[in-house]
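Participant: based on what follows, work out the 3D shape:
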Amino acid sequence: MTADLDLLRDAAQEAGRLALKLQESGLQIWRKEGGSPVTSADIAVDALLKRRLRAARPDYGWLSEETTDDPDRLARDKVFMVDPIDGTRAYISGRPWWVVSVAVSEAGRSTAGVIYNAALEETYEAAEGKGAFMNGRPIHCSMVTELETCAMLADPALFAAGWDEPWPEMRIERRNAIAYRMALVAAGSFDAAVAMGDKNDWDIAAGLVIAAEAGAVSTDHRGRNLPLNSSAAKNPSLICTAPALHPLILARTAPIDLDETTV
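Facilitator: Model prediction:
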């Protein structure tokens, strides 16, 4: 796992530097099916990561947002899970809320992960059983025990009226990248992140091991684990939070039918 982490860190940082260079030189931008943006940098960074990582570990499977899914990954013991640029909208607009997110999964869980914010020079990383770090310094989630006035990462629209149990007053902020939200919770910069709606494995894989090693709790909105490398390669939602806040959030989210809520 330590060797995998070293490989992921080096590759993520090289990829982040490439993304910055391409951002400065100008981007081609188009829309995927469904309307989400993709850029020439997403594709170039994906190619770099695939070349670097698979050359080093040819026996690992591959799952990336910008690569056509190959079911061969389901037969592999270990799988790279990659989001070349998580937070593409922020990347396009010049906001520093995008990251390169890379992880290794084994038996449905993350064993090593790196989330690199090149714009802010922040490297979040963890390997299973080895602790979580940001730029080489140990990190830990917050010890906040009440939702009132907590620091929440989410779409503010999520907390509008209509909940069986209303939400208290919180400090709510947006960050485009799901992976970056998880890293910020792991580091204690925010107390929780809530996203109701499908989250792909490449969105959460690196964040899962980093958050867990930092003491945070990550589940879906009903408190279920988030298994990786299923055929669908996604989970229905994400709750990533300081431990004491987890049951307080689930009390509100667990009754929700996600056919009706997708924020």
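Participant: looking at the protein, which helix or strand is least sure?
Facilitator: Ranked by mean pLDDT, DSSP states H and E, the weakest helix or strand in the chain is strand 29-31, scoring a mean of 91.
Participant: what packs against that strand?
Facilitator: strand 37-39 (3 or more CB pairs under 8 Å, 6 or more residues apart in numbering; DSSP states H and E). C-beta: built from backbone N, CA, C; applies to glycine.
Participant: ranges for the strands of the stretch 1-150 of the chain?
Facilitator: With DSSP state E, counting those that start in this stretch as the criterion, the stretch 1-150 of the chain has strands at 29-31, 37-39, 61-64, 78-86, 99-106, 109-117, 122-127, 132-134, 137-138.
Participant: for residue 228, find the nearest of those.
Facilitator: Of all the strands of the stretch 1-150 of the chain, it is strand 99-106 that lies closest to residue 228, at 4.3 Å by CB to CB.
Participant: and the closest one, what does it pack against?
Facilitator: The contact analysis (3+ CB pairs under 8 Å, 6+ apart) places strand 99-106 against helix 2-25, helix 40-56, strand 78-86, strand 109-117, helix 178-186, helix 201-213.
Participant: tell me which of these sits most buried.
Facilitator: Among the helices and strands packed on strand 99-106, helix 178-186 has the highest mean neighbour count (mean count of other CB atoms under 10 Å), at a mean of 30.
Participant: that older thread, looking at the strands of the stretch 1-150 of the chain, which is nearest to residue 186?
Facilitator: Once the strands of the stretch 1-150 of the chain are compared by CB to CB, strand 132-134 is nearest, at 5.5 Å.
Participant: in its sheet, what does the closest one sit against?
Facilitator: Sheet pairing here is set by DSSP bridges, and for strand 132-134 it gives strand 122-127 (antiparallel), strand 137-138 (antiparallel).
Participant: what's in contact with the last one?
Facilitator: By CB atoms under 8 Å, 6 or more residues apart in numbering, the residues outside strand 137-138 that reach it are 131, 132.
Participant: could you check how far it is from the centre of its chain?
Facilitator: Strand 137-138 has its C-alpha centroid displaced from the chain centroid by 19 Å (CA atoms, centre = their mean, to the nearest Å).
Participant: how about the longest one?
Facilitator: Averaged C-alpha coordinates place strand 122-127 at 12 Å from its chain's average position (CA atoms, centre = their mean).
Participant: over to stretch 134-154?
Facilitator: The answer for stretch 134-154 is 16 Å, by CA atoms, centre = their mean.
Participant: hmm, back to that, looking at the strands paired with strand 132-134, which is nearest to residue 187?
Facilitator: strand 122-127 (6.9 Å).
Participant: perfect, I'm done here.
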